[in-house]
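Engineer: From the sequence below, what's the structure:
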Amino acid sequence: MSDLPAVIAALARELPSAHVRAWARVLRAHPTPHPALRGLLARARTGIGMDARAARLLATWSEADPPPSGAAVALALETASRIHDEAHHSRTDIVVSGPHSDEVPVRLTSSVIIEVIRASRTSLLVVSFAAFGVAEVVGELVRAARRGVQIDLVLEGNAEEGGALRGGAAATEAFEELRPLAEFWTWTDRPMAGGSVPALHAKVVAADDDMALLGSANLTDRALAHNLEIGVVLRDPDVVRRLVGHFRSLMRPEVGPLRPAK
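Structural biologist: Have a look, this model is predicted:
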């Protein structure tokens with residue numbers, strides 16, 4: 001059996017989308033593989049290794065029995081590229097704070113939070129237990145609000161407010177600049193658990209229904225820069241939609257336990 005499917009799949013991973021489109025145009029104009037196609041493909045979009053990739057495609061195409069048409073190869077390449085791009089955009093990445101290894105590529109929590117906020121077009125959901133000293137995050141949220149993004153901040157309160165934060169200010173105080181620009185939420189009417197107040201302990205930053213950061217890090221300068229924290233950034237719209245939908249259901253008027261904070 002020809003290795004043509006494997007070569008097409010590999011090319012879909014290796015070639016940028018613009019190269020795939022250029023190659024598809026060339027392939028559709030040539031129904032059969034012939035030596036001249038190698039140069040035509042290599043010159044369709046310049047780049048390192050294009051000649052070798054073109055040679056690999058032509059060799060396996062010629063070995064197929066029977067060889068498919070150029071239009072069929074073009075369609076297969078475009079389809080594989082589309083599937084790869086969609087998988088790439090929905091992949092899950094690891095994010096960290098504090099120490100990181102030299103061998104495993106990871107992204108910093110602080111930079112991903114900024115990326116998520118900047119990616120928002122219509123809505124942002126921000127959930128945190130503690131919050132303090134994150135001026136850059138607050139500034140990005142203010143800019144998002146001013147471009148028309150609806151922001152919901154779900155934050156833990158201190159003991160005086162019925163929350164689980166001890167010996168410090170409520171998380172809302174870190175976002176006072178956003179008071180006229182965002183909706184603040186708190187968890188009310190909490191059932192006691194073993195003589196203590198259950199905590200609003202989730203940490204989420206979600207942009208629209210497309211992208212979300214989940215992790216252990218609170219929105220504090222220590223958590224984003226110094227603590228050993230771990231998280232994941234999700235780009236699967238179905239998963240993000242369900243995550244955001246869970247919090248939206250908890251915000252339902254007169255029903256959900258999350259209520260607008262004063």
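
Engineer: How about the secondary structure of the nearest residue to residue 181 once chain neighbours are set aside?
Structural biologist: Leaving aside its chain neighbours, residue 181 sits nearest to residue 145 (3.8 Å; criterion: CB to CB, 6 or more residues apart in numbering). Every C-beta, even on glycine, is put in place using the N, C-alpha and C of the backbone. Three-state call for residue 145 (DSSP: H, G, I helix; E, B strand; the rest coil): helix.

Engineer: Contacts only, for residue 145.
Structural biologist: Taking CB atoms under 8 Å, 6 or more residues apart in numbering, we find residue 145 in contact with 151, 178, 181, 182.

Engineer: Local confidence estimate at it?
Structural biologist: For residue 145, the pLDDT comes out at 97.

Engineer: cool, residue 2 as well?
Structural biologist: 62.

Engineer: Give me the buried entries from the contacts of residue 145.
Structural biologist: By neighbour count, with 16 or more other CB atoms under 10 Å, these hold 151, 178, 182 as buried.

Engineer: want to throw these into a markdown table with pLDDT?
Structural biologist: Below are the buried ones among the contacts of residue 145 laid out as a markdown table (pLDDT from 0 to 100):
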| residue | pLDDT |
| --- | --- |
| 151 | 97 |
| 178 | 94 |
| 182 | 96 |
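
Engineer: Please enumerate the strands of this structure.
Structural biologist: 93-97, 107-108, 123-128, 131-132, 150-155, 183-187, 204-207, 211-215, 219-220, 229-234, 258-260 (DSSP state E).

Engineer: export those strands to TSV and tack on distance to residue 13?
Structural biologist: Output for these, formatted as TSV (distance: least, CB to CB, whole Å):
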stretch	distance to residue 13
strand 93-97	17
strand 107-108	21
strand 123-128	33
strand 131-132	40
strand 150-155	37
strand 183-187	42
strand 204-207	27
strand 211-215	22
strand 219-220	36
strand 229-234	21
strand 258-260	43
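
Engineer: quick one: which of the ones you listed is nearest residue 162?
Structural biologist: strand 183-187 (8.1 Å; CB to CB).

Engineer: Pull the distance from that closest one to the chain's centre.
Structural biologist: The chain centroid and the centroid of strand 183-187 are separated by 25 Å, computed with CA atoms, centre = their mean, to the nearest Å.

Engineer: Could you do stretch 198-207 as well?
Structural biologist: That offset, for stretch 198-207, works out to 17 Å (CA atoms, centre = their mean).

Engineer: what does it contact?
Structural biologist: The contact list for stretch 198-207 (CB under 8 Å, 6+ apart) reads 113, 116-117, 119-121, 123-129, 154-156, 163-164, 186-187, 190-192, 212-219, 231, 240, 243-244, 247.

Engineer: Please repeat the previous calculation with a cut-off of 7 Å.
Structural biologist: 113, 116-117, 119-120, 124-129, 154, 156, 163-164, 187, 190, 212-218, 240, 243-244 (CB atoms under 7 Å, 6 or more residues apart in numbering).

Engineer: Same check on stretch 163-178?
Structural biologist: Counting contacts by CB under 7 Å, 6+ apart, the residues outside stretch 163-178 that touch it are 128-132, 134, 138, 141-142, 145, 151, 153, 155-159, 161, 184, 197, 199-200, 219, 261.

Engineer: Buried residues, that stretch. List them.
Structural biologist: 163, 164, 165, 170, 171, 172, 174, 175, 178.

Engineer: end-to-end on it?
Structural biologist: End-to-end distance for stretch 163-178: 21 Å, by CA to CA, to the nearest Å.

Engineer: ok, now which ones touch the closest residue to residue 83 other than its chain neighbours?
Structural biologist: Take residue 83 and drop its neighbours on the chain: the residue closest to it by CB to CB, 6+ apart is residue 12, 7.4 Å away. Contact partners of residue 12, counting by CB under 7 Å, 6+ apart, are 20, 77, 80, 81, 84.
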